[in-house]
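**Student:** after the sequence you'll find the predicted model.
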Amino acid sequence: MDNRIFELADQLKAAKDKKKELDAEIKELGAKIDELDLALSDAMAEAECERFSRNGNTFYLNTRLYASPIAGQKEAMFQALKDNGYGEIVTETVNANTLASFVKEQMAENNDEVPEWIAQVVNTFEKVSVGIRKG
């Protein structure tokens, strides 16, 4: 067999092995980032600090609402939206960002509470994280 084939095979194997190592490192780094993000956001919240600057970066608390149908309640959620006059946002699926924006609007109109008719068919949770930007 041609030596070039063996060389390419060895290079491919080495590249795949390196990718596997890097993927494992990325996974570990992602877990470390999540851990540090949670610790910093908790510390900032405890200190009632919404933003600060350090080493040319601004760190700020960032809250985002996520909303999705309760397991097994997707069709019921669609019907609830339609029954309450919001059928225009229902397609074959409801975009996750559109649903989150809608739930956020509903909360704003209802003393920061999710209306009962939608709470029965949508899970919500907020994730607080720290954003970083230059300046």
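**Tutor:** The structure has been received and is ready for your questions. Residues are numbered from 1 along each chain as shown.

**Student:** now do the SS call for residue 85.
**Tutor:** Classification of residue 85 using DSSP: H, G, I helix; E, B strand; the rest coil returns coil.

**Student:** check it and give its pLDDT.
**Tutor:** What the model reports as pLDDT for residue 85 is 95.

**Student:** same thing with the one 4 residues further on?
**Tutor:** Residue 89 is assigned a predicted lDDT (pLDDT) of 93.

**Student:** neighbours around residue 64, how many?
**Tutor:** Here the number of neighbours of residue 64 (other C-beta atoms under 10 Å) works out to 12. (Each C-beta comes from the backbone N, C-alpha and C, glycine too.)

**Student:** so what's it bridging to?
**Tutor:** For residue 64, the beta-bridge partners under DSSP bridges are residue 127.

**Student:** which residues touch it?
**Tutor:** Residue 64 is in contact with 100, 126, 127, 129, counting by C-beta atoms under 8 Å, 6 or more residues apart in numbering.

**Student:** show me what the lengthiest helix in the chain is packed up against.
**Tutor:** Ranked by residue count under DSSP state H, the longest helix found in the chain is helix 3-46. Counting contacts by 3 or more C-beta pairs under 8 Å, 6 or more residues apart in numbering; DSSP states H and E, helix 3-46 is packed against strand 57-69, strand 122-134.

**Student:** and among those, the most buried is which?
**Tutor:** Each of those was scored by mean neighbour count; the highest is strand 57-69, a mean of 15, by mean count of other C-beta atoms under 10 Å.
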